[in-house]
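Novice: Quick one: sequence plus predicted model below, questions after.
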Amino acid sequence: MRQLKLTALAAWAGMIALSLLWELWLAPSSYAPVAIWTLIKLLPLVALTPALLGTGYRVYIHGCLVMLLYFSEGVMLAWSDPGMVRTLALIETLLVLVFVAPAALYVRRRREAEVTDVKS
């Protein structure tokens, strides 16, 4: 279980790093001022980070739901934008998948362990 949690956390940290690099340096958005767009993109990730680092597992369910937003953005931009944005969007989509798969397994195994402990 520890490996699943660490993999999910690594993907989460990768998503934060990618968002910062993407919006501040590699391909800043032209839709809104850079500071505002970066804040909008990073706020959900940063808000859940302390809880993900804790001992609870239910927050990983919320993390998966938040990652759906990034998955949608990644797929949309990979489909519609050329060049660097497409590459970054594909990396974003990959990081989402790397987070969701181990996070879902982590939650499932923690729940099974919790049910087993209650029955004992």
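Specialist: Okay, I see it. Numbers count the residues shown, from 1 in each chain.

Novice: residues making contact with the helix or strand harbouring Pro50?
Specialist: Assigned by DSSP states H and E, Pro50 falls within helix 34-53. Contact with helix 34-53 is made by 8-9, 12, 15-16, 19-20, 23-24, 28-29, 31-32, 59-60, 62-63, 66, 69, as judged by CB atoms under 8 Å, 6 or more residues apart in numbering. (C-beta placed from N, C-alpha, C; glycine too.)

Novice: try it again with 10 Å
Specialist: Outside helix 34-53, the residues that touch it by CB atoms under 10 Å, 6 or more residues apart in numbering are 5, 8-9, 12-13, 15-16, 18-20, 22-25, 28-33, 58-60, 62-63, 65-67, 69-70, 73, 99, 103.

Novice: what's the answer for stretch 19-31, then?
Specialist: Contacts of stretch 19-31 (CB under 10 Å, 6+ apart): 18, 34-42, 44-46, 70, 77, 81, 83-89, 91-92, 95.

Novice: Kindly export stretch 111-120 (C-alpha atoms) in PDB.
Specialist: Only the C-alpha atoms of stretch 111-120 are listed here, as PDB (Å, rounded to 0.1, in the frame of the first residue of the first chain):
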ATOM      1  CA  ARG A 111     -11.100   0.100   2.800                       C
ATOM      2  CA  GLU A 112     -10.600  -3.700   2.600                       C
ATOM      3  CA  ALA A 113      -8.200  -3.500   5.500                       C
ATOM      4  CA  GLU A 114     -10.600  -1.300   7.500                       C
ATOM      5  CA  VAL A 115     -13.500  -3.700   6.900                       C
ATOM      6  CA  THR A 116     -11.300  -6.700   7.900                       C
ATOM      7  CA  ASP A 117     -10.200  -4.900  11.100                       C
ATOM      8  CA  VAL A 118     -13.900  -4.100  12.000                       C
ATOM      9  CA  LYS A 119     -14.900  -7.800  11.500                       C
ATOM     10  CA  SER A 120     -12.100  -9.100  13.700                       C
END
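
Novice: List the buried residues of stretch 89-107.
Specialist: Within stretch 89-107, the residues scored as buried using 16 or more other CB atoms under 10 Å are 89, 91-93, 95-96, 98-100, 102-103, 105-107.

Novice: Turn the residues you listed into a markdown table, columns for distance to Ala113 and pLDDT.
Specialist: Below are these laid out as a markdown table (distance: CB to CB, whole Å; pLDDT from 0 to 100):
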| residue | distance to Ala113 | pLDDT |
| --- | --- | --- |
| Ala89 | 36 | 97 |
| Ile91 | 33 | 98 |
| Glu92 | 32 | 98 |
| Thr93 | 31 | 98 |
| Leu95 | 27 | 98 |
| Val96 | 26 | 98 |
| Val98 | 23 | 98 |
| Phe99 | 21 | 98 |
| Val100 | 20 | 98 |
| Pro102 | 16 | 98 |
| Ala103 | 16 | 98 |
| Leu105 | 12 | 98 |
| Tyr106 | 11 | 97 |
| Val107 | 11 | 97 |
